[in-house]
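> Next come a sequence and a model predicted from it.
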Amino acid sequence: MSEISKFNHAKILSPKRNTTMATSVEELSNEQLQHFGIDPRSEYGQALGSLTQHLYHAQVDVQQLWKVTTDTLAGLSKQDKVAYFNAKKFLSFQIAKVLDTLQNPFRATYQSMTKQSGSQISKSHYPLFDNVTALFSATPVVVRTATYVYACTEWVDDAFQGKESTHQIYSRLLNPTNISLANAIVDLEAGPYSADYLAWNFNSGMAAIDALLSNVLGHGDVVIVSRNVYGGVYQLLHDFFARENRLDVKLEWFDGYSAEEFAEFLELTRHKYKQKLDQGKALHVYLESPCNPHGYVLDVAGICKLAHQHDHVVMLDATLATPILHQPLQRDDKAERPDYVVHSYTKDICGSGATTAGVVIAEAYRMFQGKGDSVNGYHWSKTMFWDVYYIKGAFLDSEKAFDVLNGMKTLEMRMMHKVINTTVFSHFLASHPDLNVNCHAIEGHANAELRKSQLRHGWPCALFTLDMQRAGVERETFVRFFDALEPAFSHQVSIGQNNTIILCPALTSHSELDKNAQEQGGIYLTTMRVAMGTDNVKELIAHFINSARLHIDPVYPGFSAKFMAADDIDALYMQTCRKVSEQHFASASSIKDMLA
């Protein structure tokens, strides 16, 4: 590292980092003392001057350490990685210890300034150094503050310019707990490519989707939308963005699932809107996979590759897959990755059903740049942070971020349990000749092959539907049966919780769609959407059969007897548990690989 480069790294710590006249670390130190009115010849000034010089040199050494790490990490042995990690971990403790040591003299000085009497007998303490001990917390710290103390004028100026990313200004923009969650979801979703991606968290899944669409869509643009999207997304697109007095976007609904179907649809759409596209309007693609309410998957990689051949932006709502079932940002071929991935944390990732939250993930240059920058021809003003996040205020608060982080710890095991339950329950239902089960877990289903090719281990999505159209069950009988499914099945409108939830999408989640749009999406009055939980699936099956005996058999004799036999259900359960568990545990790295 050259001397100029070292000095440039050092001056980042200066309170006059942008206006300094210093040319050496010693001059930076003297300038700092002068900035705060400290006599460098005094005993205090000499001690402080020595310390500040050490800090400037430490900043240079940390930068050198980071460079060495990035240059060598890929070629390190496992033993060296262990050594590097623990050495840096201890270094963090040493730095924190220095800060903690400053706490008592800092507090004493502050107290000497703020002793009051009369009507103003007390004044709040200054918490800056009290917070240092939080560095040792074994879980992310819940930072409950609206605003932050800033260091000096030039540092906060840089923060407002987006050039001081570690300096929070206002919790509506950045919050340490929120950032912990953003880092965690990027690691989980992007894996080996996580350094290239960035996430912004929002107060709900719909807030995340609204921010994404607001950031990407321009007036008069064209959007290809997969047919079976969440009803709230349909309403947002159809009733807001497509309105002539709003963005007047043109919506084209894609009914297929394969890349071949998409290729044909894309060509037709590009031809239909050729004049618009020639005039500079953009065509975008919005997918939901697995989709709501049937849980079907699309060939995301194939669709992305086709769209990117024409530079169309692809947005993917992957909420129902979670990063456990599908990791589209980890495709080796970048053309096969969506440009944006959305999750509603509210569902499986958090899992408790107690928190609403959402996230958008994309390459870093699309999400944030410092003011005045332009990366990959993408201007800073177009990034999601400055274009939407900074001004809309749909941020995620620290308590919710902490809830989601806690939920993520058990996500993989919960999803494995749900895969078992989904497989068993859907096969049980499909054994009835008069039920139409829309679940790709069933072999021979039209979406089963895509499920095998797209999702990890070929595991099914934990959301599917069934309907009684073929059985001809009248509405009155159906309603009595459906209402009797409580308490084993929860009558709630969300998904992705530990309890199994069942609802009628025609009356709830997809009620925004007119009857024609509902039927195009395979939704009827007797359609039931099942969001599998981690409950005992055999208890669910028994309750389902008993509810049918109580309310359907008297009107349609023998209906419940058409399900598979009890012994066969037990055998199916054990067979599925063994298969899924073996797939999960066999996919772990071998000890030999871990020691290599």
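Received it, and whenever you're ready, just let me know what you need.
> Leaving out chain neighbours, which residue sits closest to residue 320?
Using C-beta to C-beta, 6 or more residues apart in numbering and skipping the chain neighbours, the partner closest in space to residue 320 is residue 290 (4.2 Å). From N, CA and C alone the C-beta is placed, and that goes for glycine too.
> Relative to residue 538, how far out is the one you found?
According to C-beta to C-beta, to the nearest Å, residue 290 and residue 538 sit 25 Å apart.
> residues in contact with residue 84?
Counting by C-beta atoms under 8 Å, 6 or more residues apart in numbering, residue 84 touches 69, 73, 76.
> can you rerun that using 6 Å?
Taking C-beta atoms under 6 Å, 6 or more residues apart in numbering as the definition of contact, residue 84 has no neighbours.
> Which is the succeeding secondary structure element to the strand or helix carrying it?
Assigned by DSSP states H and E, residue 84 falls within helix 78-101. Scanning forward in sequence from helix 78-101 by DSSP H and E, the next helix or strand is helix 103-114.
> Return the set of buried residues in that following helix.
Residues of helix 103-114 classed as buried: none (neighbour count, 16 or more other C-beta atoms under 10 Å).
> try stretch 2-15
Applying a neighbour-count criterion of 16+ other C-beta under 10 Å, one finds 6, 7, 9, 10, 11, 13, 14, 15 buried in stretch 2-15.
> before we move on, back to that, quick check: mean pLDDT across the helix holding residue 84?
The average of the pLDDT scores along helix 78-101 is 91.
> From the contact counts, what lies against the host helix or strand of residue 482?
Secondary structure from DSSP H and E places residue 482 in helix 475-483. Secondary-structure packing of helix 475-483 (3 or more C-beta pairs under 6 Å, 6 or more residues apart in numbering; DSSP states H and E): helix 537-551.
> now the angle between helix 475-483 and the helix it packs on, please.
Angle, helix 537-551 to helix 475-483, by axes from the mean of the first three to the mean of the last three C-alpha atoms, to 10 degrees: 150 degrees.
> Can you list the low-confidence ranges for the stretch 1-150 of the chain?
114-124 (pLDDT under 70).
> What segments of this structure are strands?
Secondary structure of the chain by DSSP state E: the strands cover 197-202, 222-226, 250-254, 283-288, 313-317, 340-344, 358-363, 374-375, 378-379, 436-438, 463-467, 501-503, 528-531.
> Deepest in the core, which of these is it.
strand 340-344 (a mean of 28; mean count of other C-beta atoms under 10 Å).
> hang on, the earlier thing: what about the strands of the chain, which gets the closest to residue 565?
Minimum separation from residue 565 across the strands of the chain (C-beta to C-beta) falls at strand 436-438, 18.1 Å.
> What pairs with the closest one, parallel or antiparallel?
Applying DSSP bridges, strand 436-438 is found paired with strand 463-467 (antiparallel).
> Please enumerate residues in contact with the partner strand?
Contact with strand 463-467 is made by 293-295, 320, 426, 429, 435-439, 495, 524, 526-531, as judged by C-beta under 6 Å, 6+ apart.
> 8 Å instead, please
Residues from elsewhere that reach strand 463-467 (C-beta under 8 Å, 6+ apart): 290, 292-295, 320, 422, 426, 429, 435-441, 495, 505, 522-524, 526-532.
> next one: stretch 230-243
Contact with stretch 230-243 is made by 206, 209-210, 213, 217, 223, 225, 229, 246-251, 286, 288, 292, 317, 505, 509-513, 517, as judged by C-beta under 8 Å, 6+ apart.
> Distance from that stretch to the middle of the chain?
Its chain's C-alpha centre and that of stretch 230-243 lie 21 Å apart, by C-alpha atoms, centre = their mean, to the nearest Å.
> which ones are touching the nearest residue to residue 31 once chain neighbours are set aside?
Of all residues not flanking residue 31 in the chain, residue 22 sits nearest, at 5.1 Å (C-beta to C-beta, 6+ apart). Counting by C-beta under 8 Å, 6+ apart, residue 22 touches 11, 14, 16, 28, 30, 31.
> is it true that the first one touches residue 17?
Which is residue 11. Yes: counting by C-beta atoms under 8 Å, residue 11 touches residue 17, with 5.3 Å between them.
> center of this structure, which residue is that?
For the chain, the residue nearest the mean C-alpha position is residue 359 (4.1 Å; C-alpha atoms, centre = their mean).
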